[in-house]
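Asks: Give me a 3D structure for the following:
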Amino acid sequence: MNNAVIMALTATVGTWLVTALGAAVVIFFKNTNQKFLNLMLGFAAGVMIAASFWSLLEPAIERAETYLDMPAWLVVTTGFICGALFMWGSDKAVTCARRSISIDKQNSTDGINRIIMLVLSITLHNIPEGLAVGVAFGALHTGGYTTEAFMGAVTIAVGIGLQNFPEGAAVSLPLRREGFSRRKSFFVGQASAIVEPIAGVIGAAAVVYIQALLPYALAFAAGAMILVAVHELIPECQQNQKADPYFATMGIVAGFTVMMLLDVALG
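Replies: Purely as a prediction, here's the structure:
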């Protein structure tokens, strides 16, 4: 197996484990500190926004100009929009799944169907995130295993992992409050990211073995990450901020700053 694919697998297993760590809070706590979760969500959003440009879009533009005959602006625009549309379609599927869960909850006392639909909806949500990490590590094969490229891929994985922690808790804790056992709540929570290693390997292998896809794949991952950050993470971290309205916002600024400093310093 290619080294870049192995690294992508390792990184996405790591993001999965962070989700499991977040889901494990259900074993010890009935509730978590909302300010802490908001700070983590904001920090992850800042990291993902910065990484979308310096670690994904900028390399996509450079590689499109070097290796493809098509205009670079057309390549990255196409990939970026497709990534955003893919994430939008996944979100629509999640919405439909949640509606089915609500209907089933009203019409049936059997919780098995609700659990299956919940796992399905979460799985769809995490596919683009696994692809983003996989593409970043797959790019190392064609762009060279430089310190700058490697750290860019690592920071993307860290950003995904940071937002996976509260995501795991956000799944397991409500299930526990609804009456599910701690073990079952944890299992469903960690299962929310089980698809990420699979998507990560597919993303890395695609850009390793079909190098012409790399600029499109990098821009695709950027579009997916921007939509997740702007549509989900930022609104979520800004909830319940009346007492300290800038707390989560400074998390966004800190995440963006850290990612920017890493990329500029290593560049």
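Asks: tell me the contacts of the residue nearest the centre of the chain?
Replies: Of all residues in the chain, the one closest to the mean position by CA atoms, centre = their mean is E129, 3.4 Å from it. Contact criterion CB atoms under 8 Å, 6 or more residues apart in numbering gives T15, I160, N164, A193, E196, A199, A224, M225, V228 as the residues in contact with E129. For glycine as for every other residue, the C-beta is placed from the backbone atoms N, C-alpha and C.
Asks: And what about D69, helix, strand or coil?
Replies: Assigned with DSSP: H, G, I helix; E, B strand; the rest coil, D69 falls in the coil class.
Asks: Next, work out how far apart it and P215 are.
Replies: Separation of D69 from P215 (CB to CB, to the nearest Å) stands at 12 Å.
Asks: again, but for N164
Replies: Going from N164 to P215 by CB to CB gives 27 Å.
Asks: Can you show me the helices along the chain?
Replies: In the chain, the helices defined using DSSP state H lie at 3-23, 25-28, 34-51, 58-67, 72-107, 112-143, 147-177, 182-191, 195-209, 214-228, 234-237, 247-266.
Asks: Can you add mean pLDDT and give those helices back as TSV?
Replies: Written out in TSV, the entries for those read as follows (pLDDT from 0 to 100):
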stretch	mean pLDDT
helix 3-23	91
helix 25-28	80
helix 34-51	78
helix 58-67	85
helix 72-107	76
helix 112-143	69
helix 147-177	76
helix 182-191	84
helix 195-209	88
helix 214-228	84
helix 234-237	82
helix 247-266	81
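Asks: Deepest in the core, which of those is it.
Replies: helix 214-228 (a mean of 27; mean count of other CB atoms under 10 Å).
Asks: Does that helix pack against any helices or strands, and if so which?
Replies: helix 34-51, helix 58-67, helix 72-107, helix 112-143, helix 195-209 (3 or more CB pairs under 8 Å, 6 or more residues apart in numbering; DSSP states H and E).
Asks: so F186 sits right up against V25, yeah?
Replies: No: no contact is recorded between F186 and V25 when judged using CB atoms under 8 Å, the distance being 9.0 Å.
Asks: Can you check which residues contact both of the two?
Replies: With contacts defined as CB under 8 Å, 6+ apart, the residues adjacent to both F186 and V25 are S172.
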